[in-house]
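> model this:
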Amino acid sequence: MSDFSTSGNYPELSFVLPLQQIIVRMSKDMRFVGICSILYGGFSCLSIFGAVIGIPIILMGLRMRESADAFASFGRSEDNNTLIYAIDRLSKMFFHFKLWIIISIITYILTILIIIVVFGILGTAIFDELMRL
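Numbering: from 1, shown residues only. Next comes the predicted model:
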């Protein structure tokens, strides 16, 4: 038997955890992912090229940590202002995530183009040298 029953558009759990438990558990996971993102972004920033990608990752991690703290606070107090702040921080994290994706795609495309140009120049130089022999 499935844990989900589909009534309408949304699946409903056959067992429902209290909202506070879900939010506290989620905030712990968010805090862990936030710390890992900050560390990964910091290591990426050790090179100049990596800093372009690392800085948005650090900002994502910081926003995720802020959101996790606010969600944990909401789980304890159920203050609506805290929930609004948590969701706002989470939306900022997604903005930085979107920025990181765009920067990563541009960086990868530029890297591929540079490799193609370099190998094209090297290939023509090697071909010219072979033709002189």
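> So what's the residue count around residue 92?
17 (other CB atoms under 10 Å). Bear in mind the C-beta positions are built from the backbone N, C-alpha and C, glycine included.
> Is it in a helix, a strand, or coil?
helix (DSSP: H, G, I helix; E, B strand; the rest coil).
> List the contacts of it.
Going by CB atoms under 8 Å, 6 or more residues apart in numbering, residue 92 touches residue 63.
> What's the separation between it and residue 40?
18 Å (CB to CB, to the nearest Å).
> Contact partners for the spatially most central residue of the chain?
The residue lying closest to the centre of the chain (CA atoms, centre = their mean) is residue 97, at 4.6 Å. Residue 97 sits next to 56, 60 when contact means CB under 8 Å, 6+ apart.
> per-residue confidence at it?
Per-residue pLDDT puts residue 97 at 89.
> That one: helix or strand, and which one exactly?
helix 80-132 (DSSP states H and E).
> That helix: how far from the chain's middle?
Distance of helix 80-132 from the chain centroid (CA atoms, centre = their mean, to the nearest Å) equals 14 Å.
> quick one: contacts of stretch 30-38?
57-58, 60-65, 67-69, 71-72.
> Filter those down to just the buried residues.
57-58, 60-65, 67-69, 71-72 (16 or more other CB atoms under 10 Å).
> Can you check what angle separates the one helix or strand residue 75 maps to from helix 80-132?
Residue 75 belongs to helix 48-77 when assigned by DSSP H and E. Counting by axes from the mean of the first three to the mean of the last three CA atoms, to 10 degrees, helix 48-77 points 160 degrees away from the direction of helix 80-132.
> Packing partners of helix 48-77?
helix 19-44, helix 80-132 (3 or more CB pairs under 8 Å, 6 or more residues apart in numbering; DSSP states H and E).
> Next, format these as TSV and append distance to residue 53.
Output for those, formatted as TSV (distance: least, CB to CB, whole Å):
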stretch	distance to residue 53
helix 19-44	6
helix 80-132	6
